[in-house]
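[1] Take this sequence and fold it.
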Amino acid sequence: NYSDGVAAPMAYMFLGGAPLALCYKAINTMDSMVGYKNNRYLYFGRAAARLDDAVNFIPSRLSALLLILAAALTGESAGRAWHVWRRDRRNHASPNSAQTEASMAGALGIQLGGPACYFGEPHDKPTIGDPLREIEPEHIRRAVRMLYAGSLLCLALLVLARGMFLWS
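    Numbers count the residues shown, from 1 in each chain. The predicted structure is shown next:
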């Protein structure tokens, strides 16, 4: 959600103002609403999902790198975040989803993914991260702190890029 809800909208806002940011959010919302694989919306959903994959390709990777920097700033393991991101960033059906999940899992020393159940059907999914610690409520606080730091880093990067663009 950090990439879809914070970093990507900010990036599109800085690139094209409110119209581009709203266009991005419309694409992202359409994918959330109809991007699931089911018989009723298979082709419409597939188009929404592919478009969302395209507009999130760069922002998801930038978000992963910002979360690795955020890990360093918040006392989490940036080295482990980098290692897990490099290793597990493709462990998801979506080309973008595991990017930030891998950074966060590595920074916190937890494992995400694995077996899941959707609409009553079991699915075996790859894991992301290493089970160095059991997931606890404390991980939520640590993750939120990283998300705040990553958001501030994103804003600073975009303001710096905008300033460099305006001065050239």
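[2] Out of the helices and strands in this structure, which is least certain?
    One helix or strand of the chain scores below all others by mean pLDDT, DSSP states H and E: strand 116-118, with a mean of 85.
[3] name the element residue 143 belongs to?
    Take DSSP states H and E as the rule and residue 143 turns out to sit in helix 137-167.
[4] what is the mean pLDDT for that helix?
    Mean pLDDT, helix 137-167: 94.
[5] tell me the SS of the closest residue to residue 25 other than its chain neighbours?
    Distances taken as CB to CB, 6 or more residues apart in numbering put residue 9 closest to residue 25, at 6.1 Å, once the chain neighbours are dropped. Glycine gets a C-beta too; all of them are placed from N, C-alpha and C. Classification of residue 9 by DSSP: H, G, I helix; E, B strand; the rest coil places it in helix.
[6] Next: residue 133.
    What three-state DSSP gives for residue 133 is coil.
[7] which helices and strands sit right next to the helix or strand containing residue 72?
    Residue 72 is part of helix 42-73, with elements assigned from DSSP H and E. Other elements packing on helix 42-73 under the criterion 3 or more CB pairs under 8 Å, 6 or more residues apart in numbering; DSSP states H and E are helix 8-34, helix 78-88, helix 97-108, helix 137-167.
[8] Please look at the residue nearest to residue 25 and residue 27 and confirm they touch.
    No. Look at residue 9 against residue 27 with CB atoms under 8 Å: they stay out of range, at 11.0 Å.
[9] Now do the helix holding residue 143 against helix 78-88, angle only.
    Taking axes from the mean of the first three to the mean of the last three CA atoms, to 10 degrees, one finds helix 137-167 and helix 78-88 inclined to each other by 90 degrees.
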